[in-house]
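Student: The following comprises the amino acid sequence and a computationally predicted model.
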Amino acid sequence: MSTSFRVSRRGFLSASSRLAGVTAAIGIAPQFIRPGRAFAADALAPGMIGGPTGFAGAERYQYGPDTPEGRAIEAAKALKGAGNAPAKIVLGLSDGSIGQLTQPFPKGAPSIKELWEKETGITLEIVGVPNGQEFTKTMQDISTKGGAFDIYAVEWNRLGDLAETGGIIALDDYVAAHKPEWDDPERGYVGGQAGVSLLNQYRGQTYGVSLDGDFQTWNYRTDLFSDEAEKKAFSDKHGYELAPPKTWKQHSEIAAFFHRPDKGLFGSTDLRNQGWGYTNWYQRYVSMGNPNQYLFDESGAPLINSDAGVAATLEYVDSLSHHSPDAISWGWPEQYGNFANAGAAMTCAFSNLPKFLDNAGNTGSKVTGKVGSMLPPGREVDGKLIQRTVLWLNLSASVSSQSKNPEACYLLLQWLGSSRIYSWMTANPGGYFDPFQLANFSDPLVRETYHDYHMDIVRESVARTVPTINYPGATAFHNALDENLMAALTKAKSPEQAMADTEKQWKRIARRTGEDKLIEAIKANKAAWPTITDAV
């Protein structure tokens with residue numbers, strides 16, 4: 001991924017002043033953020049041992065002793081009482097996410113940081129990591145043995161590369177001892193154990209705790225799709241009713257129908273730039289098999305130099321016809337700014353798009369009250385509709401092997417990543433952590449921030465999410481794919497040549513990384529791929 005793009009995405013709070021609609025979107029945060037007030041233990045609901053107080057509904061985020069949060073807090077207090085806890089834990093965290101831990105939310109509440117320190121007596125020191133440099137800073141700390149951080153927060157699919165360096169520790173013993181219940185069928189990860197495997201594990205071991213929900217989600221303009229004149233014109237032309245597309249063929253036809261650049265409207269703006277666009281290629285490729293079109297077979301052989309790979313690449317290139325003329329240089333800020341300005345009929349983005357753009361507090365947005373959400377387009381395979389999306393970026397926290405107090409670090413992560421605290425944290429508009437747990441989707445504060453119509457679609461999109469590569473060499477694999485897709489988009493290579501060249505590079509990367517290690521990771525990773533299919 002290009003550093004310049006990641007700075008644009010994670011540095012959005014400071015970089016978006018040039019985009020009026022998006023700047024106004026971030027302006028929604030201050031109305032929710034108030035200085036912390038006193039919060040007393042006697043305000044806890046009966047039977048609760050901890051959690052926030054001071055606001056209506058606070059009891060939803062409180063916890064008893066036999067909960068993941070309660071067990072983490074009690075264990076941390078026991079370490080402290082025995083003299084085995086650190087005075088502080090140093091967490092390296094992307095600048096754009098810090099606010100959700102440090103800014104009180106809602107009115108009358110403490111901050112996440114304040115509550116942890118009050119309940120455990122352990123200081124949480126949060127060191128801002130420049131946006132776009134999380135992996136680089138982490139690798140510097142590991143390679144130089146600098147020991148600057150106890151906890152690293154890095155993109156989830158870097159777990160494999162980090163684990164192979166020995167710079168982060170396996171957490172399985174702590175998981176067994178403290179029982180985080182990530183697979184709880186009512187409150188835990190979507191997909192249960194498959195979701196845990198997707199987000200927290202590498203080669204069958206736990207190396208991370210997910211603190212984000214960057215599942216790519218599709219949005220559309222309800223005002224355009226419900227307009228009677230548009231509906232009639234579309235049905236007259238195509239012979240079926242205008243509605244959010246279920247297939248890629250429908251998506252292409254609807255995007256072409258609404259593509260009116262002379263009127264400032266593009267058909268679809270799912271991104272095509274370097275470092276990002278290939279996640280949208282993924283969606284087209286992986287939906288070509290039932291239940292999935294995989295990237296590698298179980299012997300480690302790449303599968304992209306195939307009819308499926310060429311067809312997905314051809315679709316990907318052809319779809320430029322309903323994008324901005326500058327599509328290959330658009331990043332996240334341009335995409336959000338355009339959509340806020342009513343410049344697109346459809347797009348695929350982070351799940352926070354409605355939070356920022358469909359909001360009465362965002363006076364710069366022209367689409368407030370006009371945004372809908374839909375499942376990803378797919379295609380019919382063997383009588384079933386295969387709809388797939390992907391997970392991209394998505395910060396995952398890992399414990400440094402240099403930390404002198406790894407158990408205390410894990411306990412902080414279990415507490416942060418458990419459903420009660422995480423629901424409270426992700427509802428806070430002060431940062432980029434997005435919902436992904438079952439409990440989040442039904443939480444009133446989260447649904448208020450992200451909208452009822454959107455949360456149900458995000459939940460179902462998560463169930464249809466395939467992992468991007470999370471093997472040793474993940475960065476090299478993605479860079480090779482990215483470079484060849486860009487060559488296809490710019491007509492420097494045909495789709496056939498782009499896939500053939502990607503296959504050659506992937507084979508070299510596999511040999512360099514270690515084929516046995518790669519095969520083991522591929523087999524373990526398959527547990528995270530979805531099996532859900534839909535009726536045609």
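Tutor: Good, I have the coordinates. Numbers count the residues shown, from 1 in each chain.
Student: which SS state does residue 364 fall under?
Tutor: With DSSP: H, G, I helix; E, B strand; the rest coil as the basis, residue 364 sits in coil.
Student: For the stretch 51-200 of the chain, which segments count as helices?
Tutor: 68-81, 99-102, 112-120, 134-144, 159-165, 172-178, 193-200 (DSSP state H, counting those that start in this stretch).
Student: wait, which of those helices is closest to residue 501?
Tutor: Closest to residue 501 of these is helix 159-165 (Cβ to Cβ; 22.9 Å). Yep, even glycine has a C-beta here, placed from its N, CA and C like the rest.
Student: helices or strands up against that closest one?
Tutor: Helix 159-165 is packed against helix 134-144, strand 201-202, strand 395-399, helix 474-489, with contacts defined by 3 or more Cβ pairs under 8 Å, 6 or more residues apart in numbering; DSSP states H and E.
Student: Give me the contact list for that helix.
Tutor: Residues external to helix 159-165 that are found in contact with it (Cβ atoms under 8 Å, 6 or more residues apart in numbering): 138-139, 142-143, 152, 154, 168, 170, 201-203, 205, 207-208, 396, 398, 470-475, 517, 521.
Student: need the next SSE after the longest helix that the chain contains, C-terminal direction.
Tutor: As far as residue count goes, and with DSSP state H defining each element, the longest helix of the chain is helix 495-513. Along the chain past helix 495-513, the next helix or strand (assigned with DSSP states H and E) turns out to be helix 515-525.
Student: Keeping just the C-alphas, turn that next one into CSV.
Tutor: Output for helix 515-525, consisting of C-alpha atoms alone and laid out as CSV, is shown next (Å, rounded to 0.1, in the frame of the first residue of the first chain):
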residue,chain,number,x,y,z
GLU,A,515,6.6,-22.7,0.6
ASP,A,516,5.9,-25.1,3.5
LYS,A,517,5.2,-22.1,5.8
LEU,A,518,2.9,-20.6,3.2
ILE,A,519,0.9,-23.8,2.6
GLU,A,520,0.4,-24.1,6.4
ALA,A,521,-0.9,-20.5,6.5
ILE,A,522,-3.2,-21.0,3.5
LYS,A,523,-4.8,-24.1,5.0
ALA,A,524,-5.3,-22.4,8.4
ASN,A,525,-6.6,-19.2,6.7
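Student: could you say what helices and strands that helix packs with?
Tutor: Using 3+ Cβ pairs under 8 Å, 6+ apart, the elements in contact with helix 515-525 are strand 201-202.
Student: now the strand it packs on: how far from the chain's centre is it?
Tutor: Computed by Cα atoms, centre = their mean, to the nearest Å, the chain-centroid distance of strand 201-202 equals 16 Å.
Student: do the same with stretch 195-204
Tutor: Remark: stretch 195-204 is offset 15 Å from the chain centroid, using Cα atoms, centre = their mean.
Student: What of stretch 314-324?
Tutor: The gap between the average C-alpha position of stretch 314-324 and the chain average comes to 24 Å, counting by Cα atoms, centre = their mean.
Student: Repeat that for stretch 215-228.
Tutor: The chain centre lies 21 Å from the centre of stretch 215-228; the measure is Cα atoms, centre = their mean.
Student: try stretch 365-382
Tutor: Averaging C-alpha positions (Cα atoms, centre = their mean) puts stretch 365-382 17 Å from its chain's average.
Student: go on, stretch 158-170?
Tutor: Distance of stretch 158-170 from the chain centroid (Cα atoms, centre = their mean) equals 20 Å.
Student: ditto for stretch 439-457
Tutor: Distance, stretch centre to chain centre, for stretch 439-457: 16 Å (Cα atoms, centre = their mean).
Student: again with stretch 407-426
Tutor: Per Cα atoms, centre = their mean, the displacement of stretch 407-426 from the mean C-alpha position of its chain is 17 Å.
Student: Stretch 486-496 too?
Tutor: For stretch 486-496, the distance from its own C-alpha centre to the chain's C-alpha centre is 28 Å (Cα atoms, centre = their mean).
Student: Would you mind pulling the contact partners of it?
Tutor: 272, 274, 277, 310, 313-314, 316-317, 320, 328, 484, 497-498, 501.
Student: So which of the helices and strands packed on helix 159-165 is nearest residue 376?
Tutor: Nearest to residue 376 among those is helix 474-489 (18.5 Å), distances taken as Cβ to Cβ.
Student: Next, the angle helix 134-144 makes with the closest one.
Tutor: Taking axes from the mean of the first three to the mean of the last three Cα atoms, to 10 degrees, one finds that helix 474-489 is oriented at 140 degrees with respect to helix 134-144.
Student: Helix 495-513 and helix 474-489, what's the angle between them?
Tutor: With the same axes, to 10 degrees defining the directions, helix 474-489 sits at 170 degrees from helix 495-513.
Student: Of all the residues in helix 474-489, which ones are buried?
Tutor: Residues of helix 474-489 classed as buried by neighbour count (16 or more other Cβ atoms under 10 Å): 474-489.
Student: Same check on stretch 487-497?
Tutor: Taking 16+ other Cβ under 10 Å as the criterion, stretch 487-497 shows 487-489, 493, 495, 497 as buried.
Student: Next, the distance between the ends of that stretch.
Tutor: The first and last residues of stretch 487-497 sit 9 Å apart, counting by Cα to Cα, to the nearest Å.
Student: quick one, phi psi at the residue most central in space within the chain?
Tutor: Geometric centre of the chain, nearest residue: residue 214, 1.2 Å, by Cα atoms, centre = their mean. Note on residue 214: its backbone torsions stand at phi -80, psi 50 [degrees, to the nearest 10].
Student: how close does it sit to residue 170?
Tutor: Using Cβ to Cβ, to the nearest Å, we find residue 214 at a distance of 24 Å from residue 170.
Student: partners of residue 125 in the sheet?
Tutor: Under DSSP bridges, the beta-bridge partners of residue 125 are residue 90.
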